[in-house]
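1. kindly generate the corresponding structure for this input.
(chains A and B)
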2 protein chains.
Amino acid sequence: MKRIGFVGLGAMGLPMALNLSRAGFAVTGFDLRAEARAAFGTAGGRPAAGIADAFSGQDAVVLMVVNAAQAEDVLFRQDALARLSPGGTLILTATCPPASVAALAGRVEAAGHALVDAPVSGGVVGAEAGSLTIMAAAPRAVFDAAKPMLDAMGSKVVFMGETPGQGATAKAVNQLLCGAHLAIAAEGLSLAEKLGVDPALMLDIVSGSAASSWMLRDRGPRMLEDEPRVTSAIDIFVKDLGIVLEAGRDAKAALPMAALAHQLFMSVSGRGLGARDDSQVIAAYRALQGRT
Amino acid sequence: MKRIGFVGLGAMGLPMALNLSRAGFAVTGFDLRAEARAAFGTAGGRPAAGIADAFSGQDAVVLMVVNAAQAEDVLFRQDALARLSPGGTLILTATCPPASVAALAGRVEAAGHALVDAPVSGGVVGAEAGSLTIMAAAPRAVFDAAKPMLDAMGSKVVFMGETPGQGATAKAVNQLLCGAHLAIAAEGLSLAEKLGVDPALMLDIVSGSAASSWMLRDRGPRMLEDEPRVTSAIDIFVKDLGIVLEAGRDAKAALPMAALAHQLFMSVSGRGLGARDDSQVIAAYRALQGRT
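-> Residues are numbered from 1 along each chain as shown, chains lettered A, B, ... in the order given. From the prediction side, this is the model:
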């Protein structure tokens, strides 16, 4: 596989597409936003004229879109899939519910193509450095053929299984832990505040004890700032914990801690703060404890 | 201060008392269990004949008992406090609710003595190595005078404030995070199991991602074992998350994630599994998801 289309040149998609170019693939990039296409061109990529151009005659297309509905829309409503080379491969890197990915894979296979379920973890930093963790699921031969492309975007490419949806499940578990850890860090620091213990001192203690989590160490300091910079928004966890709960609902699995964490992010978003840094889930606790 | 009584020679208390001896203090140790007193003697310590002996003429007494009720019982029902040297200091290292510690401090001060609220974190390993984290609260001069004793037991002695109860608050926040992280790790791994993703592979991925926590890395592997060794029991978190919730109740602070985590530990204990390793909070999830 040499010729690749790339759809979705956002904050993560753009550097991922450029890393594929650098690895020697001929990448044609598309985004609905003209400025994103222009940025790709400026960086040395080949922008596509339209969605059809991004798919026509490609060996593979990477879909770094917002969600499963957008992936489906691109593939079927705009009939792009039919333009892919016979036997071509779709690489779905968006975060989607496992059942949606499985359904999408069925439709893609029925059309004579293959789908690699390949959600990523590592954020913009990982996308730029080519150090993403990629949780991939596809029939083994399909995965093996796609591996060089995945290696160009990530440093830890993990084969989760032969069934598309298993990658999405792994991403869901990852996001369950991240989101719930954020809520717990906020709960702990808000309890310290309420009981008159210096939260910065508290954070220092628990960052170095068995009470620590990656999220606590990374987001904890920003929980104590008034106007923290945004590295990832509250609404990302409204979406991602929503996907976690959808995965649970589809499998009839009870996820009480994740469901509760989701409600806390939701309440912050509902107060109009959805674009704030995700550390600000602590705003839910400050509302509960009477400190605004 | 040179002469110290030490009450509670259990798995943590025994090595803590021995570390005080090694640091040059004259330590008289007491425990209700004759075998614990004997073990202290065998290790070179001076066992007390009774609770009165452990207090009589001491400059300080360390109380490493099970809970606040036991501390109160030792001090007042057995009238030990009156035997302490005039102006002597009590060092309360047990995990207790903040309000109980504040009330106890009031009674101790009324009797002409001082109390250092000094709960510890680090487990048996930290107690043996003298590397405990000690979260101490007392009037500054009292803390300063007690500091050499605290340094003999811990490597990170943190001054939390001048009001007894602030140490207990810090320990409560620490335990809130530890207990909730355990429940979340179990929830994530049980979702992987339910959705057909290898939980060991899943654990490997999230142990190295932003989804990681100290508890996930330490207890996660034991969640996947059938008969894991016990490093700390389910019932410890039934007790400690109970103290967290009591701290919240006394201050009217809402702690939804901790309350939910407590229920999960409670359900495992209620099935007769309270002495199992705390990693087995995953048994609550396996019951919920239909895998026993």
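
2. which parts of the stretch 51-200 of chain A are helices?
-> A:51-55, A:68-72, A:98-110, A:123-129, A:140-153, A:166-194, A:199-207 (DSSP state H, counting those that start in this stretch).

3. chain B: which of these is closest?
-> For the helices of the stretch 51-200 of chain A, the distance to chain B is smallest for helix A:166-194, at 3.6 Å, taking C-beta to the nearest C-beta. Where C-beta positions appear, they are placed from N, C-alpha and C, glycine not excepted.

4. so how far is that closest one off the chain centroid?
-> With C-alpha atoms, centre = their mean, to the nearest Å as the basis, helix A:166-194 stands 15 Å off its chain's centre.

5. from chain B, how far out is the residue lying farthest from the centre of chain A?
-> Ranking residues of chain A by C-alpha distance from their mean position (C-alpha atoms, centre = their mean) puts residue A:196 at the top, at 37.6 Å. Noted for residue A:196: a distance of 7 Å to chain B, by C-beta to the nearest C-beta, to the nearest Å.

6. put together TSV for the helices of the stretch 51-200 of chain A, with mean neighbour count on each row.
-> Below are the helices of the stretch 51-200 of chain A laid out as TSV (neighbours: other C-beta atoms under 10 Å in any protein chain shown):
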stretch	mean neighbour count
helix A:51-55	21
helix A:68-72	18
helix A:98-110	19
helix A:123-129	17
helix A:140-153	19
helix A:166-194	28
helix A:199-207	19
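
7. tabulate those helices (CSV), appending mean pLDDT.
-> Putting the helices of the stretch 51-200 of chain A into CSV (pLDDT from 0 to 100) gives the following:
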stretch, mean pLDDT
helix A:51-55, 95
helix A:68-72, 94
helix A:98-110, 97
helix A:123-129, 93
helix A:140-153, 98
helix A:166-194, 98
helix A:199-207, 97
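
8. what's the closest of these to residue A:219?
-> Nearest to residue A:219 among the helices of the stretch 51-200 of chain A is helix A:166-194; the distance by C-beta to C-beta comes to 6.0 Å.

9. all strands of the stretch 1-150 of chain A, in order?
-> For the stretch 1-150 of chain A, the strands defined by DSSP state E, counting those that start in this stretch occupy A:3-7, A:26-30, A:46-47, A:60-63, A:89-92, A:114-117, A:120-121, A:132-137.

10. so residue A:143 sits against residue A:158, correct?
-> No. Taking contacts as C-beta atoms under 8 Å, residue A:143 lies outside contact range of residue A:158: 10.5 Å.

11. list the residues that contact both of those two?
-> residue A:136 (C-beta atoms under 8 Å, 6 or more residues apart in numbering or on different chains).

12. would you mind listing what in the stretch 1-150 of chain A touches chain B?
-> Contact residues (C-beta under 8 Å from any C-beta of the partner chain) of the stretch 1-150 of chain A with chain B: A:98, A:121-123, A:133, A:135.

13. TSV for those, including distance to residue B:274?
-> Conversion of the residues of the stretch 1-150 of chain A next to chain B to TSV gives the following (distance: C-beta to C-beta, whole Å):
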residue	distance to residue B:274
A:98	35
A:121	36
A:122	40
A:123	40
A:133	37
A:135	36
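
14. how's chain A carved up into domains?
-> With domains defined by automatic domain parsing, chain A comprises A:3-162, A:169-289.
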